[in-house]
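*Asks:* based on what follows, work out the 3D shape:
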Amino acid sequence: MSVSAMGVVEDPSAAAVPEEMRGARILCEALVREGVDTIFGYPGGAVLHIYDELVNMRGQLRHVLSRHEQGAVHMAEGYAKATGKTGVALVTSGPGATNAVTGIANAFMDSTPLVVISGQVPRKLLGTDAFQEIDTIGITRPCTKYNYLVRDVREIASVVKEAFHIASTGRPGPVLIDIPKDVTAEKAPFVYPEKVALPGYNENRLGDPRAVKRAVESMLAAERPILYVGGGVIHANGGAELLELAEKLHIPVTPTLMGLGCFPTGHPLCLGMLGMHGMYWANMAISDSDLIIGIGVRFDDRVTGALEKFAPHAEVIHVDVDPASINKNVRAHHSIVGDARSVMGQMIDLLPDAPDAERLAPWWRQIDEWKQHAPLSYERSDAVIKPQHLCEEVYRLTKGEAIIATDVGQHQMWLAQYYRFKGPRQSLTSGGLGTMGYGFPAALGAQIAMPDRQVIAFVGDGGFQMTAQELATAVQTKANVKVIILNNMYLGMVRQWQEIFYDRAYSEVDMLCQPNFVKLAEAYGAVGLRALYPSELSDVLERGLATPGCVVMDIVVAAEENVYPMIPPGAGLKEMVLR
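*Replies:* Got it, this is the predicted structure:
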């Protein structure tokens with residue numbers, strides 16, 4: 001006890017009276033409590049109170065001004081994928097929120113942890129078709145893990161706490177918080193909850209021990225097993241456990257597009273990517289396997305091809321943190337709901353120390369025969385830059401250590417085939433939604449999060465033009481991000497399908513009327529470079545990667561080169577078109 005100057009006895013153990021502050025400040029303080037250091041956003045009328053408070057929080061919260069709300073959300077996605085933290089985006093009401101929906105849907109499909117904060121019109125105007133009013137909750141309900149409309153300033157702190165918990169646990173995903181403008185203006189005591197209690201929302205980390213034991217027994221008895229692994233391994237930070245599990249079993253590993261990097265591409269056990277544009281031997285191996293160990297995967301259509309033709313002789317073990325993914329596309333003989341890292345740890349504990357390599361020798365000989373039958377190859381040229389050559393050069397110059405973000409299309413597939421990612425969180429790509437325009441802002445978000453890493457946006461000429469305005473953001477933030485444009489003057493993947501399946505009837509895929517990308521970069525204050533011929537490629541890439549700041553490298557490649565192997569629509573994995 002102590003006595004104050006007024007003679008009042010003060011009890012130091014008494015709880016301090018919470019400071020009263022307006023809702024906008026409560027929001028900012030709550031974000032800081034959740035470890036947020038960077039917000040990507042674009043201001044507007046409904047979020048002006050929040051932006052006013054951000055001025056006072058500059059020492060704790062950095063705001064990155066995008067040039068479009070879609071770009072802001074993609075930046076938050078790149079930040080989240082590269083770091084494993086929850087990304088944060090802030091947009092205004094109406095068109096601000098609707099512009100953000102593509103990024104939110106992209107994050108939902110790829111299980112990326114995000115918290116997106118949108119402004120809303122004052123509560124008394126809800127439902128009146130007020131200026132810039134939109135039903136943000138209704139629009140985003142199908143593409144968020146959860147969303148909130150905050151009607152009471154006293155709810156802000158607890159909603160933020162819940163939102164970050166939901167976004168980052170279980171199967172990660174985006175959570176939206178919609179806040180009316182008048183709620184951010186009202187005042188309330190700031191009390192931040194220490195814990196989250198959400199009835200019915202439970203994390204599934206460890207798998208059922210009995211199911212794990214039965215799965216391990218099948219793994220030790222199989223003659224043609226294969227590990228099929230995806231983005232769930234990366235979300236769970238399970239790369240080390242996957243490596244130990246594969247080496248103990250001495251079995252082949254094939255990652256999905258979203259799983260690239262979760263297992264070292266150059267490892268002898270790695271078969272490379274499987275699926276529509278996957279490696280011939282990976283697709284043949286999973287088709288002829290007698291046991292598929294699927295970990296952190298969805299068995300989506302781009303991997304399975306025609307479901308009735310997929311792995312007809314295989315027993316299936318499916319490990320996923322989301323019970324809704326189990327048996328959704330392919331029936332599992334052993335279903336294990338749990339965190340990929342935790343379940344692999346349980347499996348490892350049940351395995352013998354020395355693998356039975358001899359038992360699998362015939363299986364590995366068969367895989368080697370498939371590799372020799374149809375190796376990954378392309379026709380080289382001295383006259384025109386081949387896209388595959390470009391990917392090989394990027395790999396050579398970065399030694400497989402760069403963080404690379406892509407859009408969707410041919411460039412995305414070529415990079416997946418020819419770039420050997422050494423570790424997780426290096427490959428940032430739009431897998432589920434297939435969003436053009438994702439790559440550049442995602443790379444920018446990753447570069448801002450990790451300024452000491454080499455970060456590259458590897459994009460097509462079509463997709464780059466969808467978010468090229470973020471060059472202003474890159475220059476303003478002095479980000480060291482590099483942009484490599486695979487420029488074939490077409491919407492390449494659409495053109496490939498029209499060539500193969502529509503008798504070369506090219507319809508609206510011609511991108512000949514495009515800006516001079518070198519001058520465009522220079523107009524924004526970035527550096528622009530171009531390579532037209534194979535003899536120029538290495539020099540342009542070397543100079544571009546070594547030049548400080550934002551650099552755009554326009555690499556003009558063969559216009560009608562196709563991505564092979566390719567699984568035609570309706571075909572099985574064994575029905576690959578090789579050339």
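*Asks:* identify the residues contacting residue 486.
*Replies:* Neighbouring residues of residue 486 by CB atoms under 8 Å, 6 or more residues apart in numbering: 387, 390, 410, 411, 414, 458, 459, 460, 461, 492, 555, 557. No exception for glycine: its C-beta is placed from N, CA and C like everyone else's.
*Asks:* farthest-separated two in the residues you listed?
*Replies:* Using CB to CB, these span at most 14.1 Å, a distance reached by 414 and 461.
*Asks:* now do stretch 507-525: everything it contacts.
*Replies:* Residues contacting stretch 507-525 (CB under 8 Å, 6+ apart): 461-462, 464-465, 468, 471-472, 474-475, 483, 485, 487, 489-491, 494-495, 498, 527-530, 550-552, 554.
*Asks:* so how far is residue 236 from residue 107?
*Replies:* As judged by CB to CB, to the nearest Å, residue 107 and residue 236 stand 17 Å apart.
*Asks:* beta partners for residue 174?
*Replies:* On the basis of DSSP bridges, residue 174 is bridged to residue 114.
*Asks:* I'd say it and residue 114 touch.
*Replies:* Yes: in terms of CB atoms under 8 Å, residue 174 counts as a neighbour of residue 114; the distance is 4.0 Å.
*Asks:* pLDDT check: weakest of the contacts of residue 486?
*Replies:* Lowest in pLDDT among those is residue 492, which has 92.
*Asks:* that one: how many residues sit nearby?
*Replies:* Per other CB atoms under 10 Å, the neighbour tally for residue 492 reads 30.
*Asks:* mind listing what it touches?
*Replies:* Here residue 492 is in contact with 409, 410, 411, 460, 462, 486 (CB under 8 Å, 6+ apart).
*Asks:* what subset of the residues you listed is buried?
*Replies:* The neighbour-count test (16 or more other CB atoms under 10 Å) marks 409, 410, 411, 460, 462, 486 as buried among these.
*Asks:* if I look at residue 39, how far off is residue 321?
*Replies:* To residue 321, residue 39 is 27 Å away according to CB to CB.
*Asks:* try residue 33
*Replies:* According to CB to CB, residue 33 and residue 321 sit 26 Å apart.
*Asks:* the more surrounded of those two?
*Replies:* The neighbour count for residue 33 versus residue 321, taken as other CB under 10 Å, is higher for residue 321 (26 against 16).
*Asks:* confidence score at residue 344?
*Replies:* 97.
*Asks:* number of nearby residues for it?
*Replies:* For residue 344, using other CB under 10 Å, the count is 29.
*Asks:* element containing it?
*Replies:* Residue 344 is part of helix 340-350 when elements are defined by DSSP states H and E.
*Asks:* filter the contacts of stretch 507-525 down to the ones in strands?
*Replies:* Using DSSP state E, the members of those that fall in strands are 483, 485, 487, 527, 528, 529, 530, 551, 552, 554.
*Asks:* tell me the contacts of the first one?
*Replies:* Applying CB under 8 Å, 6+ apart, we find residue 483 in contact with 440, 443, 456, 457, 459, 464, 521, 550, 551, 552, 553.
*Asks:* how far off centre is the helix holding residue 344?
*Replies:* Using CA atoms, centre = their mean, to the nearest Å, the distance from the centre of helix 340-350 to the centre of the chain it belongs to is 24 Å.
*Asks:* and whichever helix or strand comes after that helix, what's buried?
*Replies:* Downstream of helix 340-350, the first helix or strand assigned by DSSP H and E is helix 361-373. Residues 363, 364, 367, 370, 371 are the ones in helix 361-373 that count as buried (16+ other CB under 10 Å).
*Asks:* packing partners for helix 361-373?
*Replies:* Other elements packing on helix 361-373 under the criterion 3 or more CB pairs under 8 Å, 6 or more residues apart in numbering; DSSP states H and E are helix 280-288.
*Asks:* got the CA positions of the helix or strand following the helix it packs on in CSV?
*Replies:* Proceeding N to C from helix 280-288, the next assigned helix or strand is strand 291-295, under DSSP H and E. Taking C-alpha atoms only, strand 291-295 is exported to CSV below (Å, rounded to 0.1, in the frame of the first residue of the first chain):
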residue,chain,number,x,y,z
LEU,A,291,-0.4,-46.5,-52.2
ILE,A,292,-0.9,-42.7,-52.4
ILE,A,293,0.0,-40.8,-49.2
GLY,A,294,-1.7,-37.4,-49.8
ILE,A,295,-0.6,-34.8,-47.2
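*Asks:* show me what counts as buried in the helix or strand that strand 291-295 is followed by.
*Replies:* The C-terminal neighbour of strand 291-295 among helices and strands, as given by DSSP H and E, is helix 301-304. Neighbour-count burial for helix 301-304, with 16+ other CB under 10 Å as criterion, is recorded at 302, 303, 304.
*Asks:* quick check, nearest of the residues you listed to residue 563?
*Replies:* Taking CB to CB as the measure, residue 563 lies nearest residue 302 of those, at 12.9 Å.
*Asks:* pull the contacting residues for that closest one.
*Replies:* 257, 275, 276.
*Asks:* measure the second one to residue 302 for me?
*Replies:* It refers to residue 275. Separation of residue 275 from residue 302 (CB to CB): 5 Å.
*Asks:* give me the common contacts of those two.
*Replies:* What both residue 275 and residue 302 touch, as defined by CB under 8 Å, 6+ apart, is the set residue 257.
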